[in-house]
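Q: Got a predicted structure here, sequence first:
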Amino acid sequence: MATNKNFQFQGMTEIKRKLTNAGFTLIPLRHLMNEHAEVIVEEAKKVVPVDTGALQKSIGFKSVAMVGRLPTSIKVEATAPHSKFVHGDFKRLPSGYSLPPKRNRQSWGSKSWRTRPHYPPLRPIEEWASRKTDVNAYSVVHSINERGTPLVPFLLIAEKNTRKDRRKITQKVSAEISLAWKLKR
């Protein structure tokens, strides 16, 4: 099950209409949307907790619907089966959210920043415990059953961390369109 958190870049229809009326191609807008998604994906791959790398590799983006050669929106998502248990159901980042510390995670965050207590499948926990030293898989399962696991909304964190970079990309594309407009006159 993939996370249901995705970012859709929309609102390009009016810009598209103005550019097509002026006789421009829509290549800069397509590049703008793809570059925004690429920046978020790169940052999310840096922020996501890594054990085997499966979750990190599953982060990507795709065009949701195409109108001609311009996507109406682009979806950034993680498709790993356990991504929902890492990312959680956050609609937005809670105020005061910070990444959990590497050590002493049990005292981190409130209950709203953790998954509900549940019994995880034993085989992945045993595989994880075999990669670590001095970890008992059954105690980890018992701990998750009591407290849940810390949530790291890596897609939301990546979106927040890349706002300045994406603003620069938008300004660059805007300058390209303005230059093309001036040269066309």
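A: Sure thing, it's come through. All figures in this text were calculated on a predicted structure; none of them were measured in a lab.

Q: switch to C-alpha atoms for all contacts and neighbour counts from now on
A: Fine.

Q: got a list of what residue 122 touches?
A: For residue 122, the contact set (CA atoms under 8 Å, 6 or more residues apart in numbering) comprises 137, 141.

Q: any idea of the pLDDT on it?
A: As predicted, residue 122 sits at a pLDDT of 88.

Q: roughly how far apart are it and residue 135?
A: As judged by CA to CA, to the nearest Å, residue 122 and residue 135 stand 14 Å apart.

Q: Check residue 152 too.
A: Applying CA to CA, the value for residue 152 to residue 135 is 22 Å.

Q: Same check on residue 49?
A: Distance, residue 49 to residue 135, by CA to CA: 18 Å.

Q: Tell me which helix or strand comes right after the helix or strand bottoming out on mean pLDDT in the chain.
A: Across the helices and strands of the chain, the lowest-confidence element by mean pLDDT, DSSP states H and E is helix 13-21, at a mean of 66. The C-terminal neighbour of helix 13-21 among helices and strands, as given by DSSP states H and E, is helix 27-47.

Q: Now that next one: average pLDDT?
A: For helix 27-47, mean pLDDT is 88.

Q: Look up the closest residue to the residue nearest in space to the middle of the chain, ignoring the ones flanking it.
A: Nearest residue to the geometric centre of the chain (CA atoms, centre = their mean): residue 155, 2.4 Å. Sequence neighbours aside, residue 44 is the residue nearest to residue 155 in space, at 5.6 Å (criterion: CA to CA, 6 or more residues apart in numbering).

Q: Identify all contacting residues around the strand or helix carrying the residue nearest to the centre of the chain.
A: In this assignment (DSSP H and E), residue 155 forms part of helix 154-161. Helix 154-161 is contacted from outside by 5-6, 40-41, 43-44, 47-48, 76-77, 87, 92-93, using CA under 8 Å, 6+ apart.
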